[in-house]
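Peer 1: can't give you the sequence, but here's the structure:
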């Protein structure tokens, strides 16, 4: 742990998660939104299905860890839904098993602590126009698709009746006190606190 303790968020899933820090991805956007407010850890694994995720839950989320996540955002299902191979190899997982695997993931994460919250992401219904706009290769999210995901995640967090709230505007900003080392104001006698400035963002998130 580096510096004062912050809430810990974990992004857990397949390539939709692993690639979320690339090319304006939703994970990178969340990390920016929560800068100085929460630490976001990436646990994304290209090609993984829910069966493989269940097998390593205890390694990724040990129940005896000194610090447990405040929020886990989970996405599995794209690889599970691929057609079965005659050899039995490959990522395909039958729907009943997939449902049970997701239930196991939820149960494990809920058992980490009373304050651990969970958001499950799912693929939207197929819409050809939206698919072209939101998916970079027909599967993985484009930067525009990532913005949609971030907007929905922030909406869920804001509207959730969690105590404490995990919405970025509700969390304290680390080292936000006024300082004589901040930018000098036009009066030449004071400084301007810029610890919560968001001018660098293309989108101003709610």
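Peer 2: Looks like it arrived, so ask away. These figures come from a predicted structure and were not determined experimentally.
Peer 1: going forward, measure contacts between C-alpha atoms and count neighbours the same way
Peer 2: Noted.
Peer 1: per-residue confidence for residue 199?
Peer 2: Here, the pLDDT recorded for residue 199 equals 88.
Peer 1: cool, and residue 141?
Peer 2: With respect to pLDDT, residue 141 has a value of 84.
Peer 1: what do you get for residue 137?
Peer 2: 53.
Peer 1: also residue 82?
Peer 2: What the model reports for residue 82 is a pLDDT of 87.
Peer 1: likewise residue 129?
Peer 2: At residue 129, the pLDDT value in this model is 59.
Peer 1: can you give me the helices for this protein?
Peer 2: Per DSSP state H, the chain carries helices over the ranges 15-18, 26-33, 50-55, 57-60, 95-110, 128-134, 143-159.
Peer 1: for residue 44, find the nearest of those.
Peer 2: Go through the helices of the chain one by one with CA to CA and the one that ends up closest to residue 44 is helix 15-18, at 3.9 Å.
Peer 1: what is the closest one packed up against?
Peer 2: strand 39-44 (3 or more CA pairs under 8 Å, 6 or more residues apart in numbering; DSSP states H and E).
Peer 1: list the buried ones in the strand it packs on?
Peer 2: Taking 16 or more other CA atoms under 10 Å as the basis for neighbour counts, the residues of strand 39-44 that come out buried are 39, 40, 42, 43, 44.
Peer 1: right, and out of those residues, which lies closest to residue 153?
Peer 2: Ranking the buried residues of strand 39-44 by separation from residue 153, with CA to CA as the measure, puts residue 40 on top at 14.0 Å.
Peer 1: any idea which of the helices of the chain is most buried?
Peer 2: helix 15-18 (a mean of 23; mean count of other CA atoms under 10 Å).
Peer 1: how far does that one sit from its chain's centre?
Peer 2: On the basis of CA atoms, centre = their mean, to the nearest Å, helix 15-18 is displaced by 10 Å from the centre of the chain it belongs to.
Peer 1: what of stretch 196-206?
Peer 2: Counting by CA atoms, centre = their mean, stretch 196-206 comes out at 18 Å from the chain centroid.
Peer 1: do the same with stretch 102-111
Peer 2: A distance of 17 Å separates the C-alpha centroid of stretch 102-111 from that of its chain, computed with CA atoms, centre = their mean.
Peer 1: other residues contacting that stretch?
Peer 2: Stretch 102-111 is touched from outside by 50, 53, 54, 57, 61, 63, 72, 116, 117, 118, with contacts defined as CA atoms under 8 Å, 6 or more residues apart in numbering.
Peer 1: rebuild these as CSV, extending it with pLDDT.
Peer 2: Supplementary listing: those in CSV, determined by pLDDT from 0 to 100:
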residue, pLDDT
50, 97
53, 97
54, 98
57, 97
61, 98
63, 96
72, 98
116, 98
117, 98
118, 98
